[in-house]
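[1] Any chance you could fold what I've pasted below:
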Amino acid sequence: MTDATATGPGAEGPESLAPGTTFAGHRIEEVIGSGGMGVVYRVRHLALDRERALKVVAPKLSADRRFRERFKRESRLAAQVEHPNVIPVHHAGEEGGQLYLAMRLVDGADLRSMIEASGPLDPARAVRVLAGIAAALDAAHARGLIHRDVKPANVLVERDGDAERVFLTDFGISRLAASEESLTTTGEFFGSVDYVAPEQIEGDPVDARTDVYALGGVLHFLLTGQAPFPRDTELAKLFAHANAPPPRPSEVRPGLPPAIDDVVAKAMAKRPEERYESARELAAAAATALGEPPPPLPMPIAPPIPSSTGDGAETRRLRRPGGRRLPLAIGALALVVAAAVAGVLALSGGDGSDSQPTTGTQPEPEATIKVGEDPTGIAVGGTNVWVAGAEGVEAIDPAKDRPAGSPIPVGGRPTAVALGFGSLWVANHSADSVARLDPGGLEKPSSIPVGDQPTDVAVDNRWVWVSNGGDDTVSRVSPQTEQVLTVRVGAAPRSIATGEDAVWVTNIDGKSVSKIDPQDAQTVDRPIPLGQRPNDLAVGYGSVWVIDNFNGTLTRINPDTLRVEGEIEVGSHPRGVNTGLGYVWVANGADGTVTRIDPKTATPAGPPIPVGNNPADIAVGLGAVWTANVDDSTVTRIRP
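    Next comes the predicted model:
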């Protein structure tokens, strides 16, 4: 069993514990792997008399406050994945100032060592191994978790007689990745250079298809014994992932059917939307191409997990032309990429996946949390729920159902909050600006002037978007330079969302919805006439969903044809809409309820769900639905 390695500036090799030493209730027996992250030991749990694997994190990382915070918050998430092909995490903790993980001990070799010693696998065995990895990934994706470092060294193979069992490992430390709200420093990214997806290189949001890309590279390795892009330097490998045509295993190993080249090419497409949408789908296609029986069931199907804007709207990755231009900062990235902590698991900030509705009992409010005065905006990101209100922005700890600290003032009256690019973005209505805050509180807040009376904020994979109700504009903000570009839309823009390759704006006085091309920063066609007071919208399940505060309706718009495809009655004076967990969710202000809509049938799924008084906004994430209730200054959590 091996540990992820690290090299480069600042890497510091860990010191081993001597055999016979007792550490955190375990007796050290021998070292079975080591690297820049730490040392992995074969140990015996003294109280249970069980053999386990113990990963002790390197002293330098254990002493880093940012790393410790990420480790303690996120290792709990890894333990939630219970699957036969995932190594279970029994415990995570701290002993003598050093962080550690206790895991199931696997008596077997990792794929990299196995294939380097014995050569590539025959097609039948490769299909079986790939199916096991795919099953583990889909199980994680179904829980909103992303591995981000799928590679042969993180796959262990244990023999049981003539059978083999595959385990995906290094789920020990997770990273909250949706909207890029990580605690990493600028210039770092997570993942192995040999299997890293283009969006990871560019620092774009990741989703389940990022793991599919890496799994396609692992398939190439299983069949050829080579990484997808064998190059002499890390920089050359990064450039190839971003720009080179996909590898062709049949050219490396004559005799493989050419159809397998197409499977690898689709899995490793530069654009995430062109890849297989689940790991299982990739495994099944590989079996067909190789002329082998399909992978055994059950293997849960997990749709791609879109990154959440955190502002009440699901995002989809925007398409870009052909190959990707390698950022100028890639030279610096190449110096630190291998030093980044490998084997991370990410929780999507929004849980806004296109999963299909599930049957079951009617959801009920699970918690009511008192917050600051007049909460009007809510977003989910990291391990917190973020609320914008009269006193500023405050974090809610969902594990304790209470605020995690005092509100953060932003120098004005915040109306909405979104997460992305490692920051909180707050629409500051009274200050004509968007505030940029560090979720960890380590960086000084900044204020970026935008248009007149900003009302909402959203984030896609390149920009921050702000609707300005006072001057009929939208501001496009570069998170790198904080430069602002202005787009004119309809009268009194109220809400903004991203997805379906566009930016969408409700013009409440203009009684319309505007579509913006994000690359050109120009509106597309004329505004779509709609209702009386379209005040909020969300994107998901292949549609744009718009609520009308006056009519009490939810309207469905086809994002390609810009035609209205239906109108649904919801509650009285709806104020917020979001998508995720298989449904469209509408917060009805005057009723104090949430209506749940089945996107397949466009009909309500059960009766309205009571929440707080006058819910002003709604968010989906961390496996729940959250409403900000302005009149009683509370947040309600609904667990579907």
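[2] When you work out contacts or count neighbours from here on, use the C-alpha atoms and nothing else.
    Fine.
[3] measure P527 to V513 for me?
    Here P527 is placed at a distance of 5 Å from V513 (CA to CA, to the nearest Å).
[4] okay, the two: which has more neighbours?
    When P527 and V513 are compared for neighbours, V513 comes out ahead with 30 against 20, by other CA atoms under 10 Å.
[5] circling back: who touches both of P527 and V513?
    Residues touching both P527 and V513 (CA atoms under 8 Å, 6 or more residues apart in numbering) are G490.
[6] Where does pLDDT dip in the chain?
    Applying pLDDT under 70 to the chain flags residues 1-15, 35-36, 70, 72-82, 160-161, 171-191, 295-361, 442.
[7] Now do the helices in it.
    59-62, 65-78, 111-118, 123-142, 198-201, 208-224, 234-243, 249-252, 259-267, 279-289, 330-336 (DSSP state H).
[8] Any idea which of the ones you listed gets closest to G441?
    The minimum distance between G441 and the helices of the chain falls on helix 65-78, with 10.9 Å, by CA to CA.
[9] For S16, the count of nearby residues, please.
    Neighbours of S16 (other CA under 10 Å): 16.
[10] tell me the contacts of it?
    31, 39.
[11] I'd like to know how far G25 sits from R637.
    For G25, the distance to R637 - CA to CA - is 38 Å.
[12] of these two, who's got more company?
    R637 (25 against 14).
[13] ok, and the closest non-adjacent residue to that one?
    Closest residue to R637 apart from its sequence neighbours, by CA to CA, 6 or more residues apart in numbering: W626 at 4.7 Å.
[14] Who does the closest residue to G108 other than its chain neighbours form a beta bridge with?
    Using CA to CA, 6+ apart and skipping the chain neighbours, the partner closest in space to G108 is E158 (4.4 Å). Residues in a beta bridge with E158, per DSSP bridges, are G108, R165.
[15] dump the residue contacts of E158.
    106-109, 164-167.
[16] can you do 10 Å?
    106-110, 164-167 (CA atoms under 10 Å, 6 or more residues apart in numbering).
[17] Just the closest of those to T210, please.
    Closest to T210, out of all of the contacts of E158 and judged by CA to CA, is F167, at 19.2 Å.
[18] I'd say that closest one and V150 touch.
    No: counting by CA atoms under 10 Å, F167 does not reach V150; the two are 11.6 Å apart.
[19] Now do the shared contacts for those two.
    I133.
[20] the more surrounded of the two?
    Neighbour tally, F167 and V150, criterion other CA under 10 Å: the higher count belongs to V150, 33 against 25.
[21] neighbours around the closest residue to that one other than its chain neighbours, how many?
    Of all residues not flanking V150 in the chain, A214 sits nearest, at 5.7 Å (CA to CA, 6+ apart). A count of nearby residues for A214, using other CA under 10 Å, gives 26.
[22] list the contacts for A214?
    By CA under 10 Å, 6+ apart, A214 lies in contact with 147-152, 191-192, 194-197, 220, 228, 267-268.
[23] first to last residue in stretch 396-405, what's the distance?
    8 Å.
[24] who's in contact with R50?
    Contacts here follow CA under 10 Å, 6+ apart; on that basis R50 touches 26, 43-44, 104-105.
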